[in-house]
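>>> please find the sequence and the predicted model below.
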Amino acid sequence: MASSPVPEIRLDLRGRAAGQWRLKQGIETLRFNPEAFIRDWQAHFPATIAHEVAHSLVFRRFGLNSTRPHGPEWQAIMHALGLPPTVTHQTPLQGRRSRIYFYKCGCRSHELGPRRHYLISRRGYRYTCVYCGDPLEFHHRMAWR
Ligand SMILES: [Zn+2]
Ligand SMILES: [Zn+2]
């Protein structure tokens, strides 16, 4: 019996779900919502990855028809991975809208998206203004784009 190919992994999921395991015409796809990981890395890595990988493992071992999506087989894999078998998440996801973060340098204000704000505030990245060379300092968070 030929082994199934590795599932396709995509980071194009939008909306309320943080992850998705999908089977379409025999092809498995794991999809992840980048907004979930930007907003709460700790909550989704590795739990959301494992959640969807566990769906794939259940499918490969048992097929589709004999199991429920989050049934005992799926829960056993999560348990083996040392992760809670949670089905819902607490991260407020907004789909396509994203916050704007205002930063200031020596000369003007800059609008940054959530990814760069995350890198600065949580990962220690530094950005400097191309006009005055000052480091960007977080000023306030405002509207939705
Ligand atoms: Zn699931
Ligand atoms: Zn500047």
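It's in. Ligands and ions are numbered 1, 2, ... in the order given.
>>> quick one: residue 138 and residue 107, what's the gap?
16 Å (Cβ to Cβ, to the nearest Å). From N, CA and C alone the C-beta is placed, and that goes for glycine too.
>>> neighbouring strands - and their directions - for the worst-scoring helix or strand of the chain on mean pLDDT?
Counting by mean pLDDT, DSSP states H and E, the chain has its least confident helix or strand at strand 137-144, which shows a mean of 79. The strands beside strand 137-144 in its sheet (DSSP bridges) come out as strand 99-104 (antiparallel).
>>> next secondary structure after the strand it pairs with?
Downstream of strand 99-104, the first helix or strand assigned by DSSP states H and E is strand 109-112.
>>> residues of the next helix or strand after that next one that come out buried?
Next helix or strand after strand 109-112 toward the C-terminus (DSSP H and E): helix 114-123. In terms of neighbour count (16 or more other Cβ atoms under 10 Å), helix 114-123 has its buried residues at 114, 116, 117, 118, 120.
>>> repeat that for stretch 54-71.
Neighbour-count burial for stretch 54-71, counted by 16+ other Cβ under 10 Å, picks out 54, 55, 56, 57, 58, 59, 67, 70.
>>> do the least confident helix or strand of the chain and ligand 2 meet at all?
No - shown here: strand 137-144 not in contact with ligand 2 (Cβ under 5 Å from the ion), separated by at least 10.6 Å.
>>> where do the helices sit along this structure?
34-39, 41-44, 47-62, 72-80, 114-123 (DSSP state H).
>>> and ligand 2, which of those helices is closest to it?
Closest approach to ligand 2 among the helices of the chain (Cβ to the ion): helix 114-123, 15.4 Å.
>>> okay, the closest one in CSV with CA atoms only?
C-alpha atoms of helix 114-123 as CSV (Å, rounded to 0.1, in the frame of the first residue of the first chain):
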residue,chain,number,x,y,z
PRO,A,114,0.1,43.6,13.9
ARG,A,115,2.9,41.5,12.7
ARG,A,116,5.6,44.1,13.0
HIS,A,117,4.1,45.3,16.3
TYR,A,118,4.3,41.7,17.5
LEU,A,119,8.0,41.4,16.5
ILE,A,120,8.9,44.6,18.3
SER,A,121,6.8,44.2,21.5
ARG,A,122,7.2,40.4,22.0
ARG,A,123,10.3,39.4,20.1
